[in-house]
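Student: Would you be able to build a 3D model of this:
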Amino acid sequence: MEIRLAAHAGFCFGVDRAVNMAVQELEKGPLYSLGSIIHNQSVMDRLKEQGLICVDTVDEIKDDRPVIIRSHGAGPGIYSAIEDKGLRIVDTTCPYVKRLHNLIQKYSNEGREIFILGDPLHPEVSGSVAWGNEHTHVLKDMSAVESVVSGDDLTILIAQTTLTNSFWENAESVLQIKRPNLLAINTICPATAERQHAASELAKEVDLMIVLGSKKSSNTVKLVEICKENNKNVKHFEKSEEINGNLITEYGIIGITAGASTPTWLIQEAVEVFKNYGKEQHESMENLSMKDMLDQQDFSAPKKNEILKGKVVMIREDAVIVNIGYKADGILPASEISNPDDIPLDQLYEQDQEIDVLVLKRDNGEGDVLLSSKRLRSRQDWETLEEKFKAGEMISVKVTDVVKGGLSAYYNDIRAFIPASHVDIGFVRDLSQFVGNTYEVAFLDFDRRRNQIVLSRKDFLEKDKAEELKAFWETIEKDQIIRGTVRRFTPYGAFVDLGPTDGLVHVSEIQWGKVAKPTDVLKANEELDFKVIDFDPEANKISLSLKQMKPDPWEVIDDHYTVGERYDGKIVSLTDFGAFLELEPGLEGLIHVSQISEDRVEVPSDVLSIGEEVVVKILDIDKEERRIKLSMKE
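Tutor: This next block holds a predicted model:
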């Protein structure tokens, strides 16, 4: 006999969170729950023994004890009714269900029609519908989906978090045809999909498939259905006492999976039934408290300063909730995230993203594990910096401020100091020009114990740039073609990164013809070929030309333009006596006022405007005087 346990079986994050919140509250005293916190009678019985009082309505609550909103969530009316009684709410709504509520509320406020795929009688669905309006509908099966009336309005499609992927995919394909403007947002809990897939695969491999969990649990019932699609021998048990040990003799390989509301200890009991069949009866767990049961689950308690891998399960404005494989949530506050640009957390992180975190506290006072990614990164950065310091390597830092005696710079979140005398090779009067820029620097001093790092840009420049710059100037010649990247702009030109140094393209050397601003022609980070027209190694200056990469248009005008022919052009300036038209950069001609129209024109601006494109006829080309006479007349 072989027992195989499906991956992702048992408590999901949302259920685990709800039960732990209830246990922590019950340690303070009895409290109410509107319905069962989760669909598992064994768990609920143990919670009731600890002081949980289940009621069906708010009206049944007669004292001032706190009230739990169960993991399935509730509608806004329930929250209001509890608040009207002045009672404290312990909200254990699953984060994935809460996301569903937020989506429904958002699109309802926009007046959108919303379709929810799911069971209308399930508490999650009925509670979710309450967040919508009269245009919010539940589609329980494909028959309901196919009955949807066609339309062109924007329609929102979402799902009960425990829905099967097959139902979602089939429904979406049908509704995409009926509603071309369908916005389908898959709200199925990832853990549900993972659990269903794992159960489906295991059911194909075993002789008997056992599903553990409440018969009232939607996700457990769906697991049974999925297993039956892949194996004819499927048994559904709510607790281990129902399992007949004789199954061992009937089947060789037995697979076990469990719904999201099934605790690990119940799964362990079921496994023990098979392991101990024919031996002494396994140890009973009936006398253990709910807290004891949770403590026996397969969770390793995180330790302070331990580095963990976790999965993002919820993103709030002020924190990221992380599943770290422990019975309590991991909470990563915004203050413990390296985010100098204040980017919204939902842009820094994605749902289900795996991240590394550092444990600050096992319990932050609210039952959550306090985490930090900033301090983990800082620890790793200090280790990296120490290695580079010992190896004599350079590092890259960003200068953030001018401080007394120099500059403040950062390597990620670690602060360092650059003395004014080590900012550049020569004396620098204005240090503010370096703020906001990133530079390669060398170490002057490193003391991790005192959190002190002193750096030198000067040493880096002297060590690594001198040789490179010398070699560069030895290869430069006048009229040489050199490739560079446009970096910075000024009113009089553009600076080009040539590697060891920068070159300047004066505005008059950017193109043939007039250039108002360098940015009209050039783009930052654009890589181009330039001609060297002058250079001075001692002054570390080099003048470049882009326009000389092409011939002067006047020198080749006969190759492109003929007197008597018509060409397109653009009006670039207007005078009282005529209009100047650009045939191409560097070639402009004059349309005399008498040549604008067959009709009398008082001033050119009466009939023409700058930027207007017109067709002209070339009347005369004077290459010596560089003049072109044009006409708009036929």
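Student: so Arg626 makes contact with Asp552?
Tutor: No. Taking contacts as CB atoms under 8 Å, Arg626 lies outside contact range of Asp552: 9.9 Å. (Glycine included, C-beta is placed from N, CA and C.)
Student: Buried residues in stretch 32-48, which are they?
Tutor: Within stretch 32-48, the residues that qualify as buried by neighbour count (16 or more other CB atoms under 10 Å) are 32-40, 42-44, 46-48.
Student: now swap in stretch 324-332 and tell me
Tutor: By 16+ other CB under 10 Å, the buried positions in stretch 324-332 come out as 324, 326-332.
Student: so how far does that stretch reach from one end to the other?
Tutor: By CA to CA, to the nearest Å, the extent of stretch 324-332 from end to end equals 11 Å.
Student: Now do that stretch, average pLDDT.
Tutor: Mean per-residue pLDDT for stretch 324-332: 79.
Student: and Gly77, that's in a helix?
Tutor: Yes. Under DSSP: H, G, I helix; E, B strand; the rest coil, Gly77 sits within a helix.
Student: And it, how far from Val58?
Tutor: In this structure, Gly77 and Val58 are 9 Å apart, going by CB to CB, to the nearest Å.
Student: of the two, who's got more company?
Tutor: Val58 (20 against 12; other CB atoms under 10 Å).
Student: What about the closest residue to the more buried one other than its chain neighbours, how many residues nearby?
Tutor: Computed as CB to CB, 6 or more residues apart in numbering, the closest residue to Val58 that is not its neighbour in sequence is Ala81, at 4.2 Å. Ala81 has 18 neighbouring residues, counting by other CB under 10 Å.
Student: mind checking the SS state of Ala81?
Tutor: helix.
Student: right, and the helix or strand after the lengthiest helix in the chain?
Tutor: For the chain, the helix with the greatest residue count under DSSP state H is helix 374-391. Going down the chain from helix 374-391, the next helix or strand is strand 395-403, by DSSP states H and E.
Student: what residues does that following strand touch?
Tutor: If you take CB atoms under 8 Å, 6 or more residues apart in numbering as the criterion, strand 395-403 is touched by 385, 388, 407-411, 416-418, 431-432, 434-441, 443, 455.
Student: Now the buried members of the residues you listed.
Tutor: Among the contacts of strand 395-403, the ones that count as buried by 16+ other CB under 10 Å are 385, 388, 407-411, 416-418, 431, 434, 439, 441, 443, 455.
Student: where's the dip in pLDDT among these?
Tutor: Among the buried ones among the contacts of strand 395-403, Lys388 carries the lowest pLDDT, at 90.
Student: what's it in contact with, if anything?
Tutor: Applying CB under 8 Å, 6+ apart to Lys388 gives the contacts 394-395, 443.
Student: how about those in a markdown table, adding distance to Arg17?
Tutor: Shown next, in a markdown table, are the contacts of Lys388 (distance: CB to CB, whole Å):
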| residue | distance to Arg17 |
| --- | --- |
| Met394 | 47 |
| Ile395 | 42 |
| Phe443 | 47 |
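Student: nearest to Ile481, of these?
Tutor: Met394 (31.4 Å; CB to CB).
Student: Now do the same contact list for that closest one.
Tutor: 388, 440-442, 460, 464.
Student: Which helix or strand contains Ser200?
Tutor: Per DSSP H and E: helix 190-203 holds Ser200.
Student: In the stretch 251-400 of the chain, what residue spans correspond to strands?
Tutor: For the stretch 251-400 of the chain, strands defined by DSSP state E, counting those that start in this stretch occupy the ranges 253-258, 307-315, 319-323, 330-333, 354-361, 369-372, 395-403.
Student: ugh, wrong one, the stretch 451-600 of the chain
Tutor: For the stretch 451-600 of the chain, strands defined by DSSP E, counting those that start in this stretch occupy the ranges 452-456, 481-490, 493-497, 502-506, 527-536, 541-545, 566-574, 578-584, 587-592.
Student: TSV for the ones you listed, including distance to Arg65?
Tutor: Formatted as TSV, the strands of the stretch 451-600 of the chain follow (distance: least, CB to CB, whole Å):
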stretch	distance to Arg65
strand 452-456	55
strand 481-490	68
strand 493-497	70
strand 502-506	73
strand 527-536	71
strand 541-545	80
strand 566-574	81
strand 578-584	84
strand 587-592	88
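Student: of those strands, which approaches Ile69 most closely?
Tutor: Closest among the strands of the stretch 451-600 of the chain, using CB to CB: strand 452-456, at 50.0 Å.
Student: Low-confidence regions, the protein specifically.
Tutor: 1, 245-249, 276-301, 327, 366-367, 634 (pLDDT under 70).
Student: Work out which residue lies at the spatial centre of it.
Tutor: Among the residues of the chain, the one closest to the centroid is Gln347, at 3.9 Å (CA atoms, centre = their mean).
Student: Could you check how far that residue is from Leu103?
Tutor: Counting by CB to CB, the gap from Gln347 to Leu103 is 18 Å.
Student: cool, and Pro333?
Tutor: The spacing between Pro333 and Leu103, counted by CB to CB, is 25 Å.
Student: which one of these two has more residues nearby?
Tutor: Legend: neighbour count by other CB under 10 Å for Pro333 and Leu103, higher for Leu103 (19 against 16).
Student: what's the helix or strand for the more buried one?
Tutor: Following DSSP H and E, one finds Leu103 within helix 95-109.
Student: What angle do strand 319-323 and that helix make with each other?
Tutor: Using axes from the mean of the first three to the mean of the last three CA atoms, to 10 degrees, the inter-axis angle of helix 95-109 relative to strand 319-323 is 140 degrees.
Student: Counting by contacts, list what the helix or strand that helix 95-109 is followed by packs against.
Tutor: As assigned by DSSP H and E, the chain's next helix or strand after helix 95-109 is strand 113-117. The contact analysis (3 or more CB pairs under 8 Å, 6 or more residues apart in numbering; DSSP states H and E) places strand 113-117 against helix 95-109, helix 123-129, strand 136-139, strand 155-159, helix 165-178.
Student: strands paired with strand 113-117, and their directions?
Tutor: Strand pairing for strand 113-117, determined by DSSP bridges: strand 136-139 (parallel), strand 155-159 (parallel).
Student: re the thing from before, make JSON lines from the helices and strands packed on strand 113-117 and add distance to Gln511 to it.
Tutor: Shown next, in JSON lines, are the helices and strands packed on strand 113-117 (distance: least, CB to CB, whole Å):
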{"stretch": "helix 95-109", "distance to Gln511": "51"}
{"stretch": "helix 123-129", "distance to Gln511": "62"}
{"stretch": "strand 136-139", "distance to Gln511": "61"}
{"stretch": "strand 155-159", "distance to Gln511": "52"}
{"stretch": "helix 165-178", "distance to Gln511": "51"}
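Student: closest one to Ile542 among those?
Tutor: Among these, the nearest to Ile542 by CB to CB is helix 95-109 (57.6 Å).
Student: Identify the residues contacting the closest one?
Tutor: Helix 95-109 has contacts (CB under 8 Å, 6+ apart) with 13-14, 17, 71-73, 93, 114, 116, 124, 127-129, 131-133, 135-136, 156, 158, 161, 185, 187, 189, 313-314, 321.
Student: CA atoms of it as CSV?
Tutor: Listed next in CSV are the C-alpha coordinates belonging to helix 95-109 (Å, rounded to 0.1, in the frame of the first residue of the first chain):
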residue,chain,number,x,y,z
PRO,A,95,-7.8,39.0,0.7
TYR,A,96,-8.8,37.5,-2.6
VAL,A,97,-12.5,37.8,-1.7
LYS,A,98,-11.9,41.4,-0.5
ARG,A,99,-10.4,42.1,-4.0
LEU,A,100,-13.6,40.7,-5.5
HIS,A,101,-15.6,43.1,-3.4
ASN,A,102,-13.5,46.1,-4.4
LEU,A,103,-13.8,45.3,-8.1
ILE,A,104,-17.6,45.0,-7.8
GLN,A,105,-17.9,48.2,-5.9
LYS,A,106,-15.6,50.1,-8.4
TYR,A,107,-17.4,49.0,-11.5
SER,A,108,-20.9,49.3,-9.9
ASN,A,109,-20.1,53.0,-9.1
